[in-house]
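Q: got a predicted model here, sequence first, then my questions.
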Amino acid sequence: MPYRTAALIAHAATLHADLAALCVESRALIEHVYARRRASPFRVIRGGSDIALVTSTITDANLCLACIARKTGVPVGQVNSLLLVIARTIRLRIGPHRCGACFQHRGTFSVPTDGHPATRLLRQPPDF
Ligand SMILES: [Zn+2]
């Protein structure tokens, strides 16, 4: 029995090391994608597609303004304007929550798909 316990502990240590290596690799891949997006000459598409991009980014995800901008590549000021447009069309959940990207407790935005009513409607830019 002690041999089995030792084997399990060794296996757990191996899995833990594998997980740590995967996290490092994942962070490197994410950074590589961000660097590639920043360097891409084809990343200048703007306009109506940004609304779809912002909407899909915040669907069922509480994200702060800065993280929406970072994830979509759309400038913060433009994201703010797009959120106003989105709120006129569909429900937008707004409130102080933990951001799903930076994990900071900030004002976040989300398009809920759970059928519950929005926390409040956005009629003017929020002042978080
Ligand atoms: Zn954030």
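A: Received the coordinates, thanks.
Q: domain ranges for the protein?
A: 1-44, 48-110 (automatic domain parsing).
Q: longest single helix anywhere in this structure?
A: Secondary structure assigned by DSSP state H gives helix 2-39 as the longest helix of the chain.
Q: deepest of the domains of the chain, which one?
A: domain 48-110 (a mean of 17; mean count of other CB atoms under 10 Å). Where you see a C-beta, it was placed from the backbone N, CA and C, and this is true even at glycine.
Q: is any part of that one close to the ion?
A: Yes: under the criterion of CB under 5 Å from the ion, the ion is reached by domain 48-110 at 64, 67, 99, 101-102.
Q: what average pLDDT does that domain get?
A: The predicted model gives domain 48-110 an average pLDDT of 92.
Q: who are the packing partners of the longest helix of the chain?
A: Of the remaining helices and strands, none touches helix 2-39 by 3 or more CB pairs under 8 Å, 6 or more residues apart in numbering; DSSP states H and E.
Q: the spatially most central residue of the chain - nearest residue in space that isn't next to it in sequence?
A: The centroid of the chain falls nearest to Ala101 when counting by CA atoms, centre = their mean (4.5 Å). Nearest residue to Ala101 in three dimensions, chain neighbours excluded: Cys67, at 3.8 Å (CB to CB, 6 or more residues apart in numbering).
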